[in-house]
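[1] Here you go, sequence then predicted model.
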Amino acid sequence: MTDLTLFTLMIGGYVGGALAACLFSRGALARWLAGVGAITGGAAALALGGGKLFDWSSASFTRIEVMGKTSIAGPLQGAGVVLIAHPLSALFLAIVGAIAIPAALYSIGYARDWEGRRSLRTPGVMLNLFLLSMSLVPLAESIFWFVLFWEGMAISSYLLVMTEADEPETVSAGNWYLGMTQFGLGFILAAFFLLLPPDGSGDFTALAKHASTLSPGLKSLVFVLALVGFGSKAGLVPLHVWLPSAHPAAPSHVSALMSGVMIKLGVYGVLLFGLRLLGGGPAWWGGLVLALGAVSALLGVLYALMEHDLKRLLAYHSIENIGIIFIGVGAGMMFLSYGLPALAVLGFVGGLYHTINHACFKGLLFLGAGSVLHATHTRNMEEMGGLIKRMPRTALFFLVGAAAISALPPLNGFVSEWVVFQALLGGATIPKREVAVLMPVAVAMLALASGLAAACFVKAFGITFLGIARSHEAEQAHEVPASMQVAMAALALACVVLGAAAYAMVPALARVVGGLAGLPPASAVTVGWSLGMPLSAPGAVGQISPLSILLGLVVLLAAIPMALWLFRASRALRVSDTWGCGRIAQTPRMQYTAAAFAEPLRRIFAALYRPTEDVSIDFHPESRYFVQSIAYRAHIVPWFERYLYDPVIHRVIAWAARVRAIQSGSLHAYLTYLVVALVIMLALLVLWGS
Amino acid sequence: MGLLSKIFRTGIVTEAIPPGDPQIVHLVREVDRRSRRLFGRALGIREVDAGSCNGCEIEISGLMGPVYDSERFGFHFVASPRHADLLLVTGPVTRNMEVPLRKTYEATPSPKLVVAVGDCAHTCGVFKGSYAVAGSVDQIIPVDVFVDGCPPEPADILRGILTALGRS
Amino acid sequence: MPLPTGYTVAIAQTALALLLAPGLVGLIRWLKARLQNRRGAPVWQPYLELRKLFAKEVVVSSNASWLFRAAPFVVFASTVAVALLVPVLAVPLPFDSVGDLLVVVYLLLLGTFFLALAGLDPGSAFGGMGSSREMTVAALSEPTVALAIFALALGAGSTNLGQIVARTMADPAAAVSPGYLLAFGALFVVTLAENGRLPVDNPATHLELTMIHEAMILEYSGRYLALIEWSAWLKVLLFFSLLGNLFVPWGVATVLTWAALGWALATLLAKLVVLAVALAVFETRVAKLRLFRVPELLAVSFVLAVLAITVSFLVR
């Protein structure tokens, strides 16, 4: 299949799905058609992007103009949609396609819940449009199309978040989300316009050429603006506050897409500006990205630990993993500016590899959380428990996702974190000693974040799936429909395969960044691999073989029972009660709760959380010696919301209230305003004219 | 370093078990050869207080100390009956402790042994006939060895356990 | 390049580690008993315990799921996998390129992860408490381990264990460099934390509220308990081998001849005995820290690791 065919198939799939959802708004047909459309589009996108990444198709990619050159000058000039001019676009297109398929498959089963209660039109149409715009953002090669698809992505995802708008927290989440996307857009537009060449062409190649003529100060300003704009989309601290409210409010497959794919486009934006348009810069750019990444990683996981809403917990973990991705990207940018190309490639490879891996396991985890929500109608972990027996397959897939995100070998999360570690370890060779000593700090923060992530997922999986059901809904939970299970299974398999196939992924990713910003082209940097299995890189200081680890663990797991049988160990087994010091009965309330599980960490990091506890005891009316009930509430201080966002929002609202005084309602006042404005403009024209 | 020099000055204080009164230890049933071989040298003991006055517990805690040193026979005290091979039960079984005692016995994996320590465990001792007592230990769970005494000396308790293992 | 008998030596050294581990723990217990002025069980007592446990019945809670029954195997498999990677007798071995020090750390985390889940599975409060505390201690010791690895890798130019050992053997002066000594101190504290030894956790306690590791395995019995205990003992031996062979690598065989391997075995036993004595004396001397003082201890080890890095940077 040629690229144009695949491209047409992708557009056709998405548009077809949207049309089908528009026409049929109810019933299984609507769900299936919308889903199949999205799946077709996603598969085509994956084939298109993956083909470029792994050099499957032999066709050389040329600049294919879909709209043709227009004769309108200015930002619209050269505004054809270009077909994958660069492997970086191909990578992100492949990610969109890869996660779109399971998410769309999942939505077919998930939307069954909405039948009779909601129209399926908006979710179906918007899902396809969301996927369409996300697929086209990496392909856009001019400001106009980029911003068009970017906004399309924002608006369609907003409408998707508002699908279940009958709950007040959803509306609030949607408002936050919309506000933050427009805030980010402002910064992105500012960055783009600062790069506009005098002839006004919005084409990216023209922008890059013009950027090379700019002063370093202006380039730095552009980079910072882009970092703020794209960082707010990615969820970098302190621009992350919309993430924990928007992702849980959305339907689960949408959360998976938002967390797994959409925030990665923020990473794409930073790479676009940092590497392609600006062509690298001074070391403090990379240092800033690295620092923000490390802080995001640590704060994300620390706040995730305190959550007992399953989806909010996952949203905070997205912030953490974005932090890890930016640690890799930042390290790469730093090495680039210090003239260490091999290490720079390693840093970028680590960041991009983690991008792919996070998309897979976060998508899987959100789909799993959605299955749990579907079965128990609650997101609160404190009301779940024992689901592993009622939803065995969902539990298994969620376990794979939890192990992957906790960076346990041999899954994919471990391999990409290993690459990022190796890049940071190589940072010891940075010539400037004062800068090089910051690398161990980043290593320590990354290690702490990954350790805490493991603790958090023991809590998340353990409280949700293990033990005894803590509520009636959890007792009655049932396994989810087949389409949802297949979607999760596909992602779980991807997690395992992506880890084992590191020997193929790493060179492919090295080719992606090759040629950008003075990085050596792919042929010059061999992030080497052999037909055997070791993963080694010339700038890196280590060598592992994830495939061997996987095989070794499987062999050992099989060998141990065989050895036990061989040595005739006893095989007797008896089922009895849980040992509880001989207590008479066991109720679900005797188990550990999520709040209790995280309590040691809450105390240890109390300086950050400033936890407060609220215990209210109801005594029996007859005597204070008998307690009827105890209510325990624990709160932590949301620093960013309270001390950064709330003051700003209040200030803005106060100013707006003052400005509102202009709207007096009096026609005379309005006419006066018009006349005054006219007079001032005429005066200015006269002054400038002379 | 004062601690280390004191340790070396004190030396090993473990005593050999003196031969005792054979009337004190009653073997109810002979333990089978397989269990004897299994537990002969490594035994996990879980102590269960089924309503005792703690007199027997104090004597049992002496077993873990340096003088009586139960560990030299391969015994170690465990926290969970799941890790245990032998239950060391004290006290007349009070009504509140009847079910917990049964549950403890059930929670112990087989093969298992039970040694009932003290007069209360054997015949309910001074609490015989009380409204709060459900019965002696052998009326609740099967017992292998009784060790009489109020309380029995640690050496007698050790001898009782060794008798249960067939190592007198 | 893998030598012809490289794979045999790798498998043999893993088997040796498995066989020695109960003896090592038995030695530590015997030494502690003697330091408590009592005779104590013989050094081979843990072998007898294992033999007994394998012959006993398993009692499983009705609330537990397949995870409870699979966890001992996962824990044991991951620990044996680590044993295949750690240089116990000889370097370089063919598995050296399969995993480096980071893989070792995260494989141990894999075992801890599943054991913590197994603690939550039966739905008992003790298990949950043990899991919570164990994951807290594991998470807090991660930065120290990562920095200690960084310090070692800085000198050796690689995180692969064989490389680190070879580099120290080639340059003996590095072994007494401040960076290495500080890293040794940091890793010693991590050994105590990861293996549940005093002052972090008392392995012989039977007070549930003071337990960390033991609380998670209160529900296990029979062969499952045997596998978990054996993994824990193997972990102690592997940490001791790491401490011994990374920091004092003389004796580790670099050629695969019978003489070299015999000498490696002798020096390994000597290092294990020295570390066992040190641990036994240390455990007798200190008291257990209450749980919320443990982060302070781990912070001390973190500071040691940071100093190790800084010194290594300045010295280069």
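    Okay, I see it.

[2] pLDDT weak spots in chain B?
    Within chain B, the segments meeting pLDDT under 70 span B:168.

[3] And the helices in it?
    Remark: helices assigned in chain B by DSSP state H are B:2-10, B:33-39, B:55-63, B:95-107, B:119-123, B:154-164.

[4] Using PDB, list the CA coordinates for the helix or strand hosting A:I11.
    Taking DSSP states H and E as the definition, one finds A:I11 inside helix A:3-23. C-alpha atoms of helix A:3-23 as PDB (Å, rounded to 0.1, in the frame of the first residue of the first chain):
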ATOM      1  CA  ASP A   3       1.400   6.100   1.600                       C
ATOM      2  CA  LEU A   4      -1.300   8.100  -0.100                       C
ATOM      3  CA  THR A   5      -3.600   5.100   0.000                       C
ATOM      4  CA  LEU A   6      -3.000   4.600   3.700                       C
ATOM      5  CA  PHE A   7      -3.400   8.300   4.300                       C
ATOM      6  CA  THR A   8      -6.800   8.300   2.400                       C
ATOM      7  CA  LEU A   9      -7.800   5.200   4.300                       C
ATOM      8  CA  MET A  10      -7.000   6.900   7.600                       C
ATOM      9  CA  ILE A  11      -9.000  10.100   6.800                       C
ATOM     10  CA  GLY A  12     -11.800   8.000   5.300                       C
ATOM     11  CA  GLY A  13     -12.000   5.700   8.400                       C
ATOM     12  CA  TYR A  14     -12.300   8.600  10.800                       C
ATOM     13  CA  VAL A  15     -14.600  10.700   8.700                       C
ATOM     14  CA  GLY A  16     -16.700   7.600   8.000                       C
ATOM     15  CA  GLY A  17     -17.000   6.800  11.700                       C
ATOM     16  CA  ALA A  18     -18.000  10.400  12.400                       C
ATOM     17  CA  LEU A  19     -20.600  10.300   9.700                       C
ATOM     18  CA  ALA A  20     -22.000   7.000  10.900                       C
ATOM     19  CA  ALA A  21     -22.300   8.200  14.400                       C
ATOM     20  CA  CYS A  22     -24.000  11.300  13.100                       C
ATOM     21  CA  LEU A  23     -26.500   9.300  11.200                       C
END
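
[5] What's the nearest residue in chain C when you look at chain A?
    Chain C approaches chain A most closely through C:G128 (2.4 Å), counting by Cβ to the nearest Cβ. Bear in mind the C-beta positions are built from the backbone N, C-alpha and C, glycine included.

[6] Isn't that residue up against A:Q591?
    Yes - contact between C:G128 and A:Q591 holds when scored by Cβ atoms under 8 Å: they sit 6.2 Å apart.

[7] intersection of neighbour lists for the two?
    Residues touching both C:G128 and A:Q591 (Cβ atoms under 8 Å, 6 or more residues apart in numbering or on different chains): A:G467.

[8] who's in contact with A:C360?
    Taking Cβ under 8 Å, 6+ apart as the test, what A:C360 contacts is A:98-99, A:260, A:404, A:412, A:491, A:494-495, A:498.

[9] And for it, nearest residue in space, chain neighbours not counted?
    Leaving out its chain neighbours, the residue that sits closest to A:C360 by Cβ to Cβ, 6 or more residues apart in numbering or on different chains is A:A494, at 4.8 Å.

[10] what's near enough to touch the residue in the stretch 51-200 of chain C positioned nearest to chain B?
    The minimum distance from the stretch 51-200 of chain C to chain B, using Cβ to the nearest Cβ, falls at C:E57 (4.2 Å). C:E57 makes contact with A:570, A:572-574, B:109-111, C:221-222 under the criterion Cβ under 8 Å, 6+ apart.

[11] Could you do B:T14 as well?
    Neighbouring residues of B:T14 by Cβ under 8 Å, 6+ apart: B:66-69, B:72, C:37-39.

[12] Identify the spatial nearest neighbour of A:A631, chain neighbours not counted.
    Per Cβ to Cβ, 6+ apart, closest to A:A631 is A:S616, 4.8 Å.

[13] Buried residues, the helix or strand harbouring that neighbour. List them.
    Counting by DSSP H and E, the element that carries A:S616 is strand A:612-619. Within strand A:612-619, no residue counts as buried by 16 or more other Cβ atoms under 10 Å in any protein chain shown.

[14] How about stretch A:213-231?
    A:219-220, A:222-223, A:225-231.

[15] Who are the contact partners of residue 22?
    Let's take chain A. A:121, A:124-125.

[16] my question was about chain C
    C:44, C:46-47, C:49-50, C:230, C:233.

[17] 6 Å - rerun?
    C:46-47, C:233 (Cβ atoms under 6 Å, 6 or more residues apart in numbering or on different chains).

[18] How many neighbouring residues does A:R603 have?
    Residues contacting A:R603 under the criterion other Cβ atoms under 10 Å in any protein chain shown number 14.

[19] now the strands: where do they sit in chain C?
    Using DSSP state E, the strands found in chain C span residues C:58-61.

[20] so what pLDDT did the residue of it most remote from its centre get?
    No residue in chain C sits farther from the centre than C:S62, which is 32.4 Å out by Cα atoms, centre = their mean. Looking at C:S62, its pLDDT is 91.

[21] Pull out the buried residues from the helix holding A:I11.
    In helix A:3-23, residues buried by neighbour count (16+ other Cβ under 10 Å) are A:3, A:6-7, A:9-11, A:13-14, A:16-21.

[22] mind listing what the residue farthest from the centre of chain C touches?
    Applying Cβ under 6 Å, 6+ apart, the residues contacting C:S62 are A:V575.

[23] can you rerun that using 7 Å?
    Contact analysis of C:S62 by Cβ atoms under 7 Å, 6 or more residues apart in numbering or on different chains lists A:575-577.

[24] which of these tops the neighbour count?
    A:D577 (18 neighbours).

[25] That one and C:N63, how far apart?
    8 Å (Cβ to Cβ, to the nearest Å).

[26] Now do the buried residues in stretch C:166-180.
    C:166-169, C:174-175, C:177, C:179-180.

[27] so where's the chain shaky on pLDDT?
    All of this refers to chain A. Ranges of chain A meeting pLDDT under 70: A:1, A:55-85, A:518, A:520-541, A:690.

[28] let's do chain C instead
    Low-confidence segments of chain C, defined by pLDDT under 70: C:1-4, C:316.

[29] which helix is the longest one in it?
    Max-length helix for chain C by DSSP H is helix C:125-156.

[30] what distance separates that helix from the centre of its chain?
    Relative to its parent chain, helix C:125-156 has a centroid offset of 12 Å by Cα atoms, centre = their mean, to the nearest Å.

[31] Report how many residues lie close to whichever residue of the stretch 151-300 of chain C sits closest to chain B.
    Among all residues of the stretch 151-300 of chain C, C:H206 sits closest to chain B, at 3.7 Å; criterion: Cβ to the nearest Cβ. Neighbour count for C:H206, taken as other Cβ under 10 Å: 17.

[32] Touching, C:G119 and C:S132? I think so.
    No - in this structure C:G119 lies outside contact range of C:S132 using Cβ atoms under 7 Å: 8.7 Å.

[33] Please say which of the two ends up with more neighbours.
    Neighbours were counted for C:G119 and for C:S132 using other Cβ under 10 Å; C:G119 has more, 32 against 28.

[34] Okay, and the residue nearest to A:C360 sits in which element?
    Going by DSSP H and E, A:A494 is part of helix A:482-500.

[35] From chain C, how far out is the nearest residue to A:L9 once chain neighbours are set aside?
    Spatial nearest neighbour of A:L9, chain neighbours left out: A:A44 (4.1 Å); criterion: Cβ to Cβ, 6+ apart. A:A44 sits 37 Å away from chain C, going by Cβ to the nearest Cβ, to the nearest Å.
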